[in-house]
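In: When you get a sec, could you give me coordinates for this:
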Amino acid sequence: MQVRVITTQSPPVRTSHKPPLFLVFMAALTAGAIALPLTYLAICTVAVGGEQLWNLVSRPRTLAVLLNSAGIAVAAPLFSALIAVPLAFLTVRTDLPWRRFWLIATTLPLAVPDYVGCFALIAAFGPKGSLLQLLLEPLGIQELPEIYGWFGAILAITLFTYPYLLLSVQAGLQRIDPALEEAARSLGYSQRSTFFRIILPSLRPSLVAGGLLVAMYALQDFSATTLMRFDAFTRVIFLQYRYTFDRNQAAVLALMLVGLVLLLLWLEYKVRSRAVYYSRGNTSCRPQTLMHLGVWKVPALLFCLAVVSLGLVLPLGVTLFWLLRGLTSGLDEMVSLQEVMQLAWHSIWAAGLAAVVATLCSLPVAILAVRFPSRITTAIERCSYIGFGLPGIVVALSLVFWGANYLPWLYQTLPMLVFAYLVLFLPQSVGTVRSSLLQVNPQLEESARSLGRTPWQTLKEITLPLMRPGVISGAALVFLTAIKELPATLLLAPIGFDTLSVHIWKSTENVSYSDAAAGALVMLLVSMSSMFLVLSQSSIKELTTETRRSIQREVD
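Out: Residues are numbered from 1 along each chain as shown. You can find the predicted model right below:
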């Protein structure tokens, strides 16, 4: 076995010369649907006119907003990687104390709504009246440095988006064949050399997919940039829609944001190599040996504690403070338990449907991109990422335009809301499914086809079981993000179909922090339960191992 097989520059092995027609049809239909909001933006942009369009694009303020958005799209993945890669390695490959607890706790910041997390950061570290300022006041410190602007926006986005990268890297670590590391160690590589020469290169698909999600989330984030007073495209577009009657200018800015997204996708395509990331050997996967931390246990625990404290404990503490303050003050107008449960059911139902639909739509896109690479399949995959870079309000208004004018029977219905979630969050499923499929040896599929399996049987019996970690992670990501989505839910939800995110935002705008805390706490509990359900399975790696062994025995 060659240790450096993971960086071999050979092209991917195809399962057949032509992709199955049902995969092409489903993927093309998905890509066409995702591109629908762009048509609305193009119509609005054409209405602006050439001279006015140039004046708007070339304004110094517009260029400053462009640089701000590009900067935060680069900084957020870098800082997220500094958190996610060590956490993934500690929770998956070491003997970290309470490893199961940290495995769950470090992913839970994904369940924290951005607006709740930002309020918590401001309440804890704001320049005046914050918890830290009150603690330092006896030392003569009357005002802390500003948390707003670049620092606050990057801190907030990093703390609440690094789990995207963490889940992707964890799934990649669980798929690495231990035989590669054993071969490296037998050649005299140290643990450090093995990590940088074997493990880290094999994680490249996971790092690229997760980093792309973080970057695109940073581009379309609304809550953090607004509350931290950071002029990014999302904040400026929202102000244009809300305070002016000229939506065409906002559409132009949205198209500039789409251009930035396309640039990110092009860079990601160039960075992505055509290397293979599976073992060429015919060995079955064995349980991976845990690395002993030794004297590094205490620093590792402190690192995990610091991340969880900032990303989870702080927002939860502020939420409980708001809730207890409302309960102890005896507010009669506080939302009732029955109303909160109804809001929770609406959120779970809509987000659950979105997770199922996004998973079904991501499978043909990922399979075509990995197993049948071509210009057409690459274009289909790139189109699936476009919606994630659009602000939710832009997607929602484009669907309002099409629904009110051409599909009135779908306007303000649950299917339209779920479709908006699909446009916005499909890349979360495509990225994780794709990185998981890259680590499945296509020779297993070819062997199944040579034994008489049809393409559909091969997909169902061979490919999908081996892709299970990525499929589950992708569905969980879509669910957790959709349950927090605010602008699209505000504009597209059916009448009377309020969700937890809408309730929290309205309560916060009305300065009813106790009501907001009640909804936020329920949302946290729902999201934590869903993550625990995913992570508390017997073991994703054990499931994958047993599946691969049974398939290998059948092929042999």
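
In: got the buried residues for the helix or strand residue 51 falls within?
Out: Using DSSP states H and E, residue 51 sits within helix 50-57. Neighbour-count burial for helix 50-57 flags 53, 56 (criterion: 16 or more other C-beta atoms under 10 Å). All C-beta spots, glycine's among them, are computed from the backbone N, C-alpha and C.

In: what's the angle between the helix or strand following that helix and helix 50-57?
Out: Beyond helix 50-57 in the direction of the C-terminus, DSSP H and E gives the next helix or strand as helix 60-93. Put simply, helix 60-93 runs at 50 degrees to helix 50-57, going by axes from the mean of the first three to the mean of the last three C-alpha atoms, to 10 degrees.

In: and helix 60-93, average pLDDT?
Out: The average pLDDT within helix 60-93 is 89.

In: Check stretch 526-541 too.
Out: Mean predicted confidence for stretch 526-541 is 57.

In: just stretch 160-177 next, same as before
Out: Rounded mean pLDDT across stretch 160-177 is 80.

In: ok, and the closest non-adjacent residue to the residue nearest the centre of the chain?
Out: Nearest to the mean C-alpha position of the chain, by C-alpha atoms, centre = their mean, lies residue 164 at 4.4 Å. In this structure, residue 164 finds its nearest non-sequential neighbour in residue 213, 4.5 Å apart by C-beta to C-beta, 6 or more residues apart in numbering.

In: tell me which element that neighbour falls in.
Out: With DSSP H and E as criterion, residue 213 is part of helix 204-220.

In: if I've got this straight, residue 369 is in a helix?
Out: Yes: counting by DSSP: H, G, I helix; E, B strand; the rest coil, residue 369 falls inside a helix.

In: residue ranges with poor pLDDT in the stretch 351-500 of the chain?
Out: 388-389, 445, 455 (pLDDT under 70).

In: so how many other residues sit close to residue 63?
Out: Counted by other C-beta atoms under 10 Å, the residues lying close to residue 63 total 11.

In: who's in contact with it?
Out: Residues near residue 63 by C-beta atoms under 8 Å, 6 or more residues apart in numbering: none.

In: ok, it to residue 266 distance?
Out: Separation of residue 63 from residue 266 (C-beta to C-beta, to the nearest Å): 21 Å.

In: Which secondary structure elements does the helix or strand hosting residue 315 sit against?
Out: Taking DSSP H and E as the criterion, residue 315 maps to helix 314-328. Using 3 or more C-beta pairs under 8 Å, 6 or more residues apart in numbering; DSSP states H and E as the contact test, the elements touching helix 314-328 are helix 114-125, helix 513-535.

In: Okay, angle between it and helix 114-125 too, please.
Out: Calculated by the same axes, to 10 degrees, helix 314-328 forms an angle of 90 degrees with helix 114-125.

In: Tell me the buried residues in helix 314-328?
Out: 314-316, 318-319, 321-323, 326.

In: Might you list the low-confidence residue ranges for the stretch 1-150 of the chain?
Out: Looking at the stretch 1-150 of the chain by pLDDT under 70, you get 1-17, 128-131, 133-134, 137, 140, 142-143.

In: so what's residue 404 up against?
Out: Contact analysis of residue 404 by C-beta under 8 Å, 6+ apart lists residue 411.

In: er, residue 357 actually
Out: By C-beta under 8 Å, 6+ apart, the neighbours of residue 357 are 418, 421-422.

In: Kindly indicate the member of those residues with the most neighbours.
Out: In terms of neighbours by other C-beta under 10 Å, these top out with residue 421 at 28 neighbours.

In: A strand includes that one, no?
Out: No: counting by three-state DSSP, residue 421 is not part of a strand but helix.
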